[in-house]
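Chemist: with the sequence up front, the predicted model follows.
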Amino acid sequence: MNRENSIFEQMGGTYVQLGGYLLPSLGIAPIEESRSIGKYGLLRKSYLKDHKPGWYQSMLLTGKLDKHLVDIDEQARERFERIIEQMKQVEQVTEELKAKDPLAWVQAMNSICNRADEIVRQELIYN
């Protein structure tokens, strides 16, 4: 026992013995908040994994990835809603238009949502 304890002390950190091997204990802290990762958080995760693998691995191993993804998702959704409201005002897409010409309203809203989504992706997800 003393010999094993001295090995643990020399190596530093915490280790788990599995069979005849000592494996480092990589405890990752769970997300403290109960917020979920949405569309934009998942897009950010995919982007980091594919284009910034070092940063992705570092955040994953330190337990910061989930909080980052949740925060990005929240910011992106808020920004998306703000952009939509601003574009609706500028382009005069109102409830009156919706009642008068529903197809034109749907077309305008689809266009606004697509453009807002592209802006959010460029500003918050892919940078």
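Modeler: Structure's in. What do you need?
Chemist: count of neighbours near Asp73?
Modeler: Other residues lying near Asp73 total 23 when counted by other C-beta atoms under 10 Å. For the C-beta atoms, the positions are set from N, CA and C on the backbone; glycine is no exception.
Chemist: name the next helix or strand downstream of the helix or strand hosting it, please.
Modeler: Assigned by DSSP states H and E, Asp73 belongs to helix 65-90. Where DSSP H and E defines the elements, the next helix or strand beyond helix 65-90 is helix 95-100.
Chemist: by contact count, what packs against the very next helix or strand once past that following helix?
Modeler: Downstream of helix 95-100, the next assigned helix or strand under DSSP H and E is helix 102-120. For helix 102-120, the packing partners by 3 or more C-beta pairs under 8 Å, 6 or more residues apart in numbering; DSSP states H and E come out as helix 65-90, helix 95-100.
Chemist: so Gly41 sits against Gln75, correct?
Modeler: No: the criterion here is C-beta atoms under 8 Å, and Gly41 misses it with Gln75 at 9.9 Å.
Chemist: distance of the residue nearest to Leu65 when sequence neighbours are not counted relative to Ile125?
Modeler: Nearest non-adjacent residue to Leu65, counting by C-beta to C-beta, 6 or more residues apart in numbering: Met59, 4.1 Å away. As defined by C-beta to C-beta, to the nearest Å, Met59 lies at a distance of 15 Å from Ile125.
Chemist: surely Gln17 forms part of a helix?
Modeler: No: under DSSP: H, G, I helix; E, B strand; the rest coil, Gln17 sits outside any helix and is assigned strand.
Chemist: what about it, neighbour count?
Modeler: Gln17, neighbours per other C-beta under 10 Å, totals 10.
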